[in-house]
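>>> Here you go, sequence then predicted model.
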Amino acid sequence: MKIFSLSDKTILITGASSGIGKEASIFISQAGGTVFITGRDEERLRETFDRLEGAGHGMKTADLTVEREMEALIGELPPLNGIVHCAGIVGPLPVKFILQEHIDRMFSINYIVPVNLTGKLLRKKKIVEGASILFMSTIATKNPYFGGALYSGSKAALEAYAKTLALEQVGKGIRANCLMAGLVDTPMIESPSEEAMQEEALERYLKRYPLGVGKPEDVAGAILYFLSDASTWVSGTTLILGGE
Ligand SMILES: NC(=O)c1ccc[n+]([C@@H]2O[C@H](COP(=O)([O-])OP(=O)(O)OC[C@H]3O[C@@H](n4cnc5c(N)ncnc54)[C@H](OP(=O)(O)O)[C@@H]3O)[C@@H](O)[C@H]2O)c1
């Protein structure tokens, strides 16, 4: 069905070298979209690139917390019909151990990067009228977990930003929405620092979310909807994925 097709759209996906961003990139290409993918790890980014369907896609490695690397990426980008901001980190830390450097690190990639990248792209007129911008938040902004203050805080800030962006860009038909995902099985939740908490929290978590742990493709499906013309009338929302 045409309104669900992405065949006339070019989409930038950050965090495309892993997890949700990787799956979303592949899905978008399968739906006919042209993608420009970015991540830090060249080998894993190349793996994503090699799995894309169709032609005309682009890729560039960049640590987006480094200004000149973000600028170099922007310089290579074509006009965009959509952006999926997937780059992000997690890192559990009880509140009494939080130091300035932890705040800086978490907010740098989870909040400052998507805000700066979006602003720069708007100023350079690389985001076309009617484009769709998506941000990745977490269900933890509503349901706190031990050690999640910084992660949830960075994502709650992003949700507020996305709603304001939606309001300010409505005149150009540019939409902004957030996906508030429950636990998704990606390398992010397999990192050693996460393991202890996972073991402890998983049973409780599964009771709270009967749909269980998600897969990257569960999120990618929702991403396709928000990028497509099927969601033209949807902006400033936060969609919960994973049930509650
Ligand atoms: N997994 C979950 O349970 C879950 C739930 C809710 C929301 N989310 C959110 O969904 C998004 C994707 O998560 P995921 O689970 O797919 O994570 P992931 O598999 O760990 O992937 C994270 C991606 O972010 C990139 N990245 C990290 N720091 C970066 C930097 N400084 N510059 C550029 N890229 C950077 C990584 O690049 P490299 O690997 O190349 O370094 C990687 O591609 C994140 O924003 C996350 O917070 C995840």
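Nice, thanks for sending it over.
>>> Can you report the mean pLDDT over the residues of whichever strand or helix holds residue 207?
Residue 207 is located in helix 192-208, with elements delineated by DSSP states H and E. What helix 192-208 shows for mean pLDDT is 63.
>>> buried sites along the host helix or strand of residue 106?
Take DSSP H and E as the rule and residue 106 turns out to sit in helix 100-107. Buried positions in helix 100-107, judged by neighbour count with 16 or more other C-beta atoms under 10 Å: 105-107. Glycine gets a C-beta too; all of them are placed from N, C-alpha and C.
>>> Check stretch 85-94 too.
Under 16+ other C-beta under 10 Å, the buried positions of stretch 85-94 are 85-90, 92-93.
>>> and for stretch 97-108, what are the contacting residues?
65, 89, 91, 93, 149-151, 153-154, 157 (C-beta atoms under 8 Å, 6 or more residues apart in numbering).
>>> count of neighbours near residue 129?
Around residue 129 there are 10 other residues, counting by other C-beta atoms under 10 Å.
>>> I'd like the distance from the residue lying farthest from the centre of the chain to the ligand, if you could.
Centroid-distance maximum for the chain: residue 96 at 28.6 Å, with C-alpha atoms, centre = their mean. Per C-beta to the nearest ligand atom, to the nearest Å, residue 96 is found 23 Å from the ligand.
>>> returning to that earlier point: what about the ligand: which of the buried residues of helix 100-107 touch it?
The subset of those lying close to the ligand, counting by C-beta under 6 Å from any ligand atom, is empty.
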